[in-house]
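Undergrad: sequence first, predicted coordinates after that:
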Amino acid sequence: DTAVSQTPKYLVTQMGNDKSIKCEQNLGHDTMYWYKQDSKKFLKIMFSYNNKELIINETVPNRFSPKSPDKAHLNLHINSLELGDSAVYFCASSQPGQGNSNTGELFFGEGSRLTVL
Amino acid sequence: KNQVEQSPQSLIILEGKNCTLQCNYTVSPFSNLRWYKQDTGRGPVSLTIMTFSENTKSNGRYTATLDADTKQSSLHITASQLSDSASYICVVTPALKLTFGGGTRVLVKP
């Protein structure tokens, strides 16, 4: 059973289009995330939801809109795609950590490679 | 500014040899430090998580060390195998927002 699954794995589209990436986790975690991994391989947080509520919203263009219908799902919708949006997008989930850590172990999906032409 | 810097950017080692990857951070306040392994085309997978009070933690042939005073960590791979070829990412957690290093790409050759 896949713990964190995201679809599609590959997405090739034209500039200006609107696309969505879906993510589901079956770990029973309360917190889900979207990360963007650029060509230099840095992973950067985009959004984080805890029990369907947005808790982290980094400086991301408002063309990106996350939606969490329930705590097991966090989808990412992107409007008016631009060339710079080409990247690998990772969904992840976690439970709260122990002690001083507010973030438990992160479980990542396999990534969705978005290519904007 | 919170930063995590890893070195080297990449390295090539022969199968069976050992190697050590470095991670320096300026993240504050510090909560924990993690090492992840990312195979090509896959998502990162957790190797170790260390809190402030832990100096070393092992996961099979992977051993991570942490010096919170100098803000340095290392990941040692013992008796490398071809399957160790991957990127290794150091992540420091101040709280909810994790700060990722750029990773070290390791290539193990037969």
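TA: Great, that's in hand.
Undergrad: in what helix or strand does residue A:16 lie?
TA: According to DSSP states H and E, residue A:16 maps onto no helix or strand at all.
Undergrad: could you measure from it over to chain B?
TA: Per C-beta to the nearest C-beta, to the nearest Å, residue A:16 is found 28 Å from chain B. Quick note: C-beta positions are derived from backbone N, CA and C, even for glycine.
Undergrad: quick one: contacts for that residue?
TA: A:80-81 (C-beta atoms under 8 Å, 6 or more residues apart in numbering or on different chains).
Undergrad: would you map the strands across the chain?
TA: Here I'm looking at chain A. For chain A, the strands defined by DSSP state E occupy A:4-7, A:10-13, A:19-25, A:31-37, A:43-50, A:53-57, A:64-70, A:73-78, A:87-94, A:107-108, A:112-116.
Undergrad: should've been chain B
TA: With DSSP E as the criterion, chain B has strands spanning B:4-7, B:10-14, B:19-25, B:32-38, B:45-51, B:56-59, B:62-67, B:72-77, B:86-93, B:99-100, B:104-109.
Undergrad: number of residues surrounding the residue nearest to residue B:102 when sequence neighbours are not counted?
TA: Setting aside the residues directly before and after it, residue B:102 is nearest to residue A:42 in space (C-beta to C-beta, 6 or more residues apart in numbering or on different chains), at 5.3 Å. As a burial measure, residue A:42 scores 15 neighbours (other C-beta atoms under 10 Å in any protein chain shown).
Undergrad: thought residue A:42 was touching residue B:99?
TA: No. If you go by C-beta atoms under 8 Å, residue A:42 and residue B:99 don't touch, sitting 10.1 Å apart.
Undergrad: what's the weakest-modelled helix or strand in chain A?
TA: strand A:53-57 (a mean of 82; mean pLDDT, DSSP states H and E).
Undergrad: what do you get for chain B?
TA: Per mean pLDDT, DSSP H and E, strand B:99-100 ranks last in chain B, at a mean of 88.
Undergrad: what about it, near chain A?
TA: Yes. If you take C-beta under 8 Å from any C-beta of the partner chain as the test, strand B:99-100 does meet chain A, through residue B:100.
Undergrad: check chain A for the residue nearest chain B and tell me.
TA: For chain A, the nearest residue to chain B under the criterion C-beta to the nearest C-beta is residue A:108, separated by 3.3 Å.
Undergrad: what's near enough to touch that residue?
TA: A:4, A:35, A:90-92, B:43-45.
Undergrad: go again using 7 Å as the cut-off
TA: Shown in contact with residue A:108 (C-beta atoms under 7 Å, 6 or more residues apart in numbering or on different chains): A:4, A:90, A:92, B:43-44.
Undergrad: tell me what it is bridged to.
TA: Per DSSP bridges, the residues bridged to residue A:108 are residue A:92.
Undergrad: re earlier: between the strands of chain B, which gets nearest to residue A:8?
TA: Evaluated with C-beta to C-beta, these place strand B:32-38 nearest to residue A:8, the distance being 19.7 Å.
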